[in-house]
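Trainee: Here is my input, please return the structure:
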Amino acid sequence: MKKLLLAICIIAIFTLSLNALGTLRVESIKELPATHMNIEKRDADGKWAPVLIVKTELQGLGFQNVSRRTKHAAKYIEGDHHYKFYMNDNQRVVKITHSDYEALEVRLLADFGINVKAQRVYELALTNVPEKVYIPANVTVVPPNAIVKIDDEYFNHNKANKLFIGNHNIQIVLYGYQTVSEEITISEEQTLFSYNLKELENVPIEIDSEPDGASVYIDDVKIGETQLSKYLLQGSYLIRIEKKDYETIFDTIDIQPPKFSQTYNLITNIGSIIVNSEPENGLEIFINGENTLNKTPYNFTRKEPGEYRMSAKSGLFETDEQIIELKKGEQKIVSLIPKPIYATLSINTHKNALIKINDVEQSQLINIHLEPSVYQISASLPKAETLEKTLFLKRNQIETLDLYPQVSTGSIQIAVTPFDAEVELTGDADEHFTSKGMKKFENIPVGEYQISVTHINFMPVQKKVSLMENAIVKEEFKLISYDATMLKKAHQFKKHKWISLGSAGALLTLGLISNFVADGYYSDYESANTTSSAISNRDNYEKWDNYRDYSYYISVGPLAYGLYSWISELHYHHRAKIGK
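Mentor: Okay, here's the model as predicted:
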């Protein structure tokens, strides 16, 4: 008898466990806007009934207004997947029931702060959680050493395990075999699941990148660099492509036979900075306070993203520092504004003096721009002692320096006839003085001088003189005139000479050109492939050969007359000079 009672209790407990009730749960509840108003049905008090819309796909629900019954039953609208339940004004609690779930009392005001009002519409989202029922289940796998997980929990597939009735995710993993990942449904009729794993193939793979030379990682293990060819077991892998100055690529690849190929286009992870300093270029560029040894304008083509302090400087200019933010792939243009820091030096000295600054000869003596520093300045002049001066110039300083080497001087006084004769005085140290008519050249350097006196209608005169310190050299020159008739004839023959010689030169040049063209046609004649071509080239050769001869023959006349005119010019010039 006791055993019978025990068996009945066990059966009852098992039956209750199989019929355990699930749970109903309110996910959200809200009052809809005034545009949703009930004007269809009234409540027990004759007012327009407030409406409760219950959104759920679970059918078979019952609704009850606690404390006061409603006069309308709830209705399920399948197309909209919700119930429509008419409540009473100021309703506080609604009870929701289902045969497979524990009853749920929704305390509208107490739990959700909903003060139900006539005619208004309220929306409630309802979820249902069935009670889990566990039964024995088993999984068999070939090969048997595979790892089995059900719902991400390790599963001992060598013995029976208890799992709840319903859907489960199963995963079976064994290196060298294809992974099984699927959903299974456990029921009283289906408790045994058998799997025969499929062995994986070694698949040839080719991984490339643009540009190449990138490191390739498979499941965080470096297997080489692009271009890469290897064999891997078929399956899904995490791949990582890395290369300096480029963004790292993360990807998932599915390697399947017969072959896997993939090319990745790398995106640059660097930027470029173009630095200029117009209008004054050639300044040294400093980045973060360090001299890059590059000068403006310059393009830094491979700079990592980040913050940089940019400035530029030369001996004559400098800029304020600019802070920039460089992003990957960005080309940043930095325009630095140069500010002068140079000193300005002007030097007054003799016209022919040689000025050197730090042993460098200077051609410009006014507004010389120099970087702040110490300078050795010298002024030298032939026949004078060199002057030297040390000068310290500061930023933006303006300085004027007088350097006049002391030279021993004298004077040369020249009188000429005719009065408008040209006078030229050339010294042994390249001194040069001129005048038209008589002149006294005062305070000129001592030394040897050559005096030249010329006039278009008179014979020129030259003379050398020596000038001593503080001396005055006096010279008088009277030029001898040409015979007017002889000079006129001489000038006439001079004109004829150049015209004739020019004509002869032109004819000779034409002859040379004709000879060159004739030679070309003769070469074409010798290499001709057809009779007509040969005849044409031969005719052209003879024509241009005649042109050459005519040019040479005709040039003899102008050439002869040009020589005659030249001799006549010299003859009449000579007669003019001797006055006969």
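Trainee: got the residue ranges for the helices in this protein?
Mentor: 2-18, 108-112, 484-526, 531-578 (DSSP state H).
Trainee: of the ones you listed, which approaches Glu307 most closely?
Mentor: In terms of Cβ to Cβ, the element of those nearest to Glu307 is helix 108-112, at 53.0 Å. To be clear about C-beta, it is placed using only N, CA and C from the backbone, and glycine gets the same treatment.
Trainee: And that closest one, what's buried?
Mentor: Leu108, Phe112 (16 or more other Cβ atoms under 10 Å).
Trainee: any idea how far it is from the chain center?
Mentor: Relative to its chain's centre, helix 108-112 lies at 64 Å (Cα atoms, centre = their mean, to the nearest Å).
Trainee: Can you tell me which helices and strands that helix packs against?
Mentor: Judged by 3 or more Cβ pairs under 8 Å, 6 or more residues apart in numbering; DSSP states H and E, helix 108-112 is in contact with strand 23-31.
Trainee: Show me what the strand it packs on is in contact with.
Mentor: Identification of contacts with strand 23-31 by Cβ atoms under 8 Å, 6 or more residues apart in numbering yields 96, 98, 101-104, 106, 108, 112, 114, 120-129, 131.
Trainee: Repeat that for stretch 323-340.
Mentor: By Cβ under 8 Å, 6+ apart, stretch 323-340 touches 247, 267-280, 283, 296, 303-312, 316-320, 322, 369, 396.
Trainee: Bridged to the residue most central in space within the chain, which residues?
Mentor: Against the mean C-alpha coordinate of the chain, by Cα atoms, centre = their mean, the closest residue is Gln331 at 4.1 Å. With DSSP bridges as the criterion, Gln331 is bridged to Ser272.
Trainee: how close does it sit to Pro305?
Mentor: Counting by Cβ to Cβ, to the nearest Å, the separation of Gln331 from Pro305 is 12 Å.
Trainee: Mutual contacts of those two, please.
Mentor: Gly271.
Trainee: quick one on the thing from earlier: which of the contacts of stretch 323-340 count as buried?
Mentor: The neighbour count (16+ other Cβ under 10 Å) marks 270-273, 275-277, 280, 283, 296, 303, 308, 310-312, 316-319 as buried among the contacts of stretch 323-340.
Trainee: The chain - how does it break down into domains?
Mentor: Following the assignment in automatic domain parsing, the chain carries domains at 21-129, 134-196, 202-265, 271-340, 343-402, 409-478, 484-578.
Trainee: a markdown table please, covering the ones you listed and showing mean pLDDT.
Mentor: Below are those laid out as a markdown table (pLDDT from 0 to 100):
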| stretch | mean pLDDT |
| --- | --- |
| domain 21-129 | 88 |
| domain 134-196 | 88 |
| domain 202-265 | 92 |
| domain 271-340 | 91 |
| domain 343-402 | 91 |
| domain 409-478 | 91 |
| domain 484-578 | 83 |
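Trainee: and the gap between Val416 and Ala44?
Mentor: 146 Å.
Trainee: what about the two, which has more around it?
Mentor: Val416 (25 against 15; other Cβ atoms under 10 Å).
Trainee: So that one versus Gln462, what's the distance?
Mentor: 13 Å.
Trainee: list the residues that contact both of the two?
Mentor: Common neighbours of Val416 and Gln462 (criterion: Cβ under 8 Å, 6+ apart): Val453.
Trainee: about what we covered before: filter the buried ones among the contacts of stretch 323-340 down to just the ones in strands.
Mentor: Within the buried ones among the contacts of stretch 323-340, residues falling in strands by DSSP state E are 271-273, 275-276, 303, 308, 310-312, 317-319.
Trainee: Which residues are in contact with the nearest residue to Pro258 once chain neighbours are set aside?
Mentor: Once flanking residues are discounted, Pro258 sits nearest to Val203: 7.4 Å by Cβ to Cβ, 6 or more residues apart in numbering. Applying Cβ under 8 Å, 6+ apart, one finds that Val203 lies in contact with Tyr231, Leu232, Leu233, Gln234, Ile255, Gln256, Pro257, Pro258, Lys259, Phe260.
Trainee: Please tell me how far the residue nearest to Tyr298 when sequence neighbours are not counted sits from Asn281.
Mentor: Spatially, and ignoring its direct neighbours in sequence, Tyr298 is nearest to Val275 (5.5 Å; Cβ to Cβ, 6+ apart). Noted for Val275: a distance of 10 Å to Asn281, by Cβ to Cβ.
Trainee: and if you look at Leu508?
Mentor: Applying Cβ to Cβ, the value for Leu508 to Asn281 is 54 Å.
Trainee: repeat for Glu290
Mentor: Distance of Glu290 to Asn281, given as Cβ to Cβ: 20 Å.
Trainee: returning to what we had before: looking at the ones in strands among the buried ones among the contacts of stretch 323-340, spot the one nearest Asn515.
Mentor: Closest approach between these and Asn515, by Cβ to Cβ: Asn276, at 58.5 Å.
Trainee: pretty sure that closest one contacts Lys295?
Mentor: No. Judged on Cβ atoms under 8 Å, Asn276 makes no contact with Lys295 at a distance of 10.5 Å.
Trainee: quick one on the thing from earlier: for the contacts of strand 23-31, which PyMOL command selects only the ones that are buried?
Mentor: Typed into PyMOL, the line below selects the buried ones among these, using 16+ other Cβ under 10 Å:
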select buried, resi 96+98+101+104+106+108+112+114+120+121+122+123+124+126+128
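Trainee: Looking at the contacts of strand 23-31, which are in strands?
Mentor: Using DSSP E, the subset of those located in strands is 96, 98, 101-104, 106, 121-129.
Trainee: picking that back up, of Glu290 and Asn281, which one has the most company?
Mentor: Higher neighbour count among Glu290 and Asn281: Asn281, with 15 against 9, using other Cβ under 10 Å.
Trainee: show me the contacts for the closest residue to the more buried one other than its chain neighbours.
Mentor: In space, and not counting its chain neighbours, Asn281 is closest to Thr296: 4.9 Å by Cβ to Cβ, 6+ apart. Contact partners of Thr296, counting by Cβ under 8 Å, 6+ apart, are Val275, Asn276, Ser277, Asn281, Gly282, Leu283, Ile285, Ala312, Leu336.
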